[in-house]
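Peer 1: sequence and predicted model, in that order:
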Amino acid sequence: DPATSLYVVTHSTQNHCCNTSIISIDHIACACHLQGWCGREISKDWSVDSILEKPASFFVNSYIDLDTFLSLE
């Protein structure tokens, strides 16, 4: 994203349907901190249960810790 210099990720879809798969734990490099993109206002229907489904895109927060910052820059 040019305004924030953060990476943006979106839900994976195929033919307008969710495209998901289960991956082995040895393919996970590290955890990441995602921030839902909300525009000017945070939607009132976001909750702990729906936060991963409601936003159309997410920012990958590279400022969460030094290791993440250095690996993504």
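Peer 2: Done, it's in. Numbering: from 1, shown residues only.

Peer 1: burial of the closest residue in space to Asn19 that isn't next to it in sequence, as a residue count?
Peer 2: Spatially, and ignoring its direct neighbours in sequence, Asn19 is nearest to Ser12 (4.3 Å; Cβ to Cβ, 6 or more residues apart in numbering). No exception for glycine: its C-beta is placed from N, CA and C like everyone else's. By other Cβ atoms under 10 Å, the residues close to Ser12 number 9.

Peer 1: distance check, the residue of the chain most remote from its centre against Asp67.
Peer 2: Here the chain reaches farthest from its C-alpha mean at Asn15, the gap being 21.2 Å by Cα atoms, centre = their mean. The gap separating Asn15 from Asp67 is 37 Å, by Cβ to Cβ, to the nearest Å.

Peer 1: before we move on, what about Pro55?
Peer 2: According to Cβ to Cβ, Pro55 and Asp67 sit 25 Å apart.

Peer 1: ok, now Lys44?
Peer 2: For Lys44 relative to Asp67 (Cβ to Cβ), the value is 35 Å.

Peer 1: pLDDT below threshold where in this structure?
Peer 2: 54, 72-73 (pLDDT under 70).

Peer 1: where do the helices sit along it?
Peer 2: Listed in chain order, the helices of the chain (DSSP state H) span residues 66-72.

Peer 1: show me what contacts Ile64?
Peer 2: Shown in contact with Ile64 (Cβ atoms under 8 Å, 6 or more residues apart in numbering): Cys32, His33.

Peer 1: any idea how far Ile42 lies from Val60?
Peer 2: Separation of Ile42 from Val60 (Cβ to Cβ): 19 Å.

Peer 1: among the two, which residue is more densely surrounded?
Peer 2: Neighbour totals were compared for Ile42 and Val60, and Val60 leads with 16 against 10 (other Cβ under 10 Å).

Peer 1: neighbours of the closest residue to the more buried one other than its chain neighbours, how many?
Peer 2: Distances taken as Cβ to Cβ, 6+ apart put Tyr7 closest to Val60, at 4.3 Å, once the chain neighbours are dropped. Tyr7 has 13 neighbours, counted by other Cβ under 10 Å.
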